[in-house]
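1. Sequence plus predicted model, see below.
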Amino acid sequence: QLQLQESGPGLVKPSETLSLICTVSGGSISSSTYYWGWIRQPPGKGLEWIGSIYYSGSTYYNPSLNSRVTISVDTSKNLFSLKLSSVTAADTAVYYCARGPLRGYSGYDPTYYFDYWGQGTLVTVSS
Amino acid sequence: DIQMTQSPSSLSASVGDRVTITCQASQDIRSYLSWYQQKPGKAPELLIYDASNLERGVPSRFRGSGSGTDFTFTISSLQPEDIATYFCQQYDNVPLTFGGGTKVEIK
């Protein structure tokens, strides 16, 4: 059974960089048919896709966050990571990692839903 | 960006009732729509993909339909364990976007 687990600091100061890791177990992150994504949910609100990565290292970001987001992958450790720079209180949210089976393309960008999710980790931005 | 409009934002129904939620896309997304269930304090769980395909292990009382811009999610007979918030997601275009959610409660 595939499992994803987020880890990282639960409190980040404004203007600093949020860093999270998603460790994948029960399956290989190097599978050719899946993308690996980050989604966030501010308290009491809806879901926002942050971005995704393929095992080769190709990345796809939400344009609304593009300039602040970096996603990377470490296939040797079966994990992928999220960095979000210059955070503000608006970045306070539960951050989820998830697996996305490829379904189609929007131009050159792959598209997918998310079939396995981590349990989520709350990151609070506060001084 | 494609906007996903879900309605209603909340509903209250009795056990055994048929529950219907709609999701409207701001442009044609073919059948590239999924539905998720999220219980309080938990991660979303995939129920339906490609508008009408039931994910493995999901009870058959959950059903999805539609294509283009208008989609429907139905629970044929509401059970107490179905209390949750339900979200739709389009994956026809990047950025991937979600509906605002529908909170389902027991009357």
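-> Great, that's in hand. Numbers count the residues shown, from 1 in each chain, chains lettered A, B, ... in the order given.
2. Tell me which stretches of the chain form strands.
-> Using chain A here. Here chain A has its strands, by DSSP state E, at A:3-7, A:11-12, A:18-25, A:34-41, A:48-53, A:59-61, A:69-74, A:79-84, A:93-106, A:109-112, A:116-117, A:121-125.
3. hmm, I had chain B in mind actually
-> Going by DSSP E, chain B shows strands at B:4-7, B:10-13, B:19-25, B:33-38, B:45-49, B:53-54, B:62-67, B:70-75, B:84-90, B:97-98, B:102-106.
4. Next, format these as a markdown table and append mean pLDDT and distance to A:Ser72.
-> Every residue, glycine included, has its C-beta placed from N, CA and C. Shown next, in a markdown table, are the strands of chain B (pLDDT from 0 to 100; distance: least, C-beta to C-beta, whole Å):
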| stretch | mean pLDDT | distance to A:Ser72 |
| --- | --- | --- |
| strand B:4-7 | 98 | 29 |
| strand B:10-13 | 97 | 39 |
| strand B:19-25 | 98 | 32 |
| strand B:33-38 | 98 | 26 |
| strand B:45-49 | 98 | 25 |
| strand B:53-54 | 98 | 32 |
| strand B:62-67 | 98 | 35 |
| strand B:70-75 | 98 | 35 |
| strand B:84-90 | 98 | 24 |
| strand B:97-98 | 98 | 24 |
| strand B:102-106 | 97 | 35 |
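5. still on that earlier bit, please identify which of the strands of chain A is closest to B:Tyr86.
-> Smallest distance to B:Tyr86 across those (C-beta to C-beta): 14.1 Å, for strand A:34-41.
6. picking up where we left off before, now render the strands of chain B as CSV, adding mean neighbour count and distance to A:Lys83.
-> Shown next, in CSV, are those (neighbours: other C-beta atoms under 10 Å in any protein chain shown; distance: least, C-beta to C-beta, whole Å):
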stretch, mean neighbour count, distance to A:Lys83
strand B:4-7, 17, 28
strand B:10-13, 14, 36
strand B:19-25, 21, 31
strand B:33-38, 25, 26
strand B:45-49, 22, 27
strand B:53-54, 14, 35
strand B:62-67, 18, 35
strand B:70-75, 19, 35
strand B:84-90, 24, 24
strand B:97-98, 22, 23
strand B:102-106, 16, 33
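7. Which strands or helices does the lowest-mean-pLDDT helix or strand in chain A pack on?
-> Lowest on mean pLDDT, DSSP states H and E among the helices and strands of chain A sits strand A:109-112, with a mean of 89. Judged by 3 or more C-beta pairs under 8 Å, 6 or more residues apart in numbering or on different chains; DSSP states H and E, strand A:109-112 is in contact with strand A:34-41, strand A:93-106.
8. I'd like to know how many residues surround the spatially closest residue to A:Trp117 that is not a sequence neighbour.
-> Excluding the flanking residues, the one nearest A:Trp117 by C-beta to C-beta, 6 or more residues apart in numbering or on different chains is B:Ala43, at 4.0 Å. Neighbourhood size, B:Ala43 [other C-beta atoms under 10 Å in any protein chain shown]: 21.
9. My guess is B:Ala43 contacts A:Gln119. True?
-> Yes. Using C-beta atoms under 8 Å, B:Ala43 is in contact with A:Gln119, at 5.6 Å.
10. Grab the nearest non-local neighbour of the spatially most central residue of chain B.
-> Nearest residue to the geometric centre of chain B (C-alpha atoms, centre = their mean): B:Trp35, 3.9 Å. Residue nearest to B:Trp35 in three dimensions, not counting chain neighbours: B:Ile48, with 4.1 Å by C-beta to C-beta, 6+ apart.
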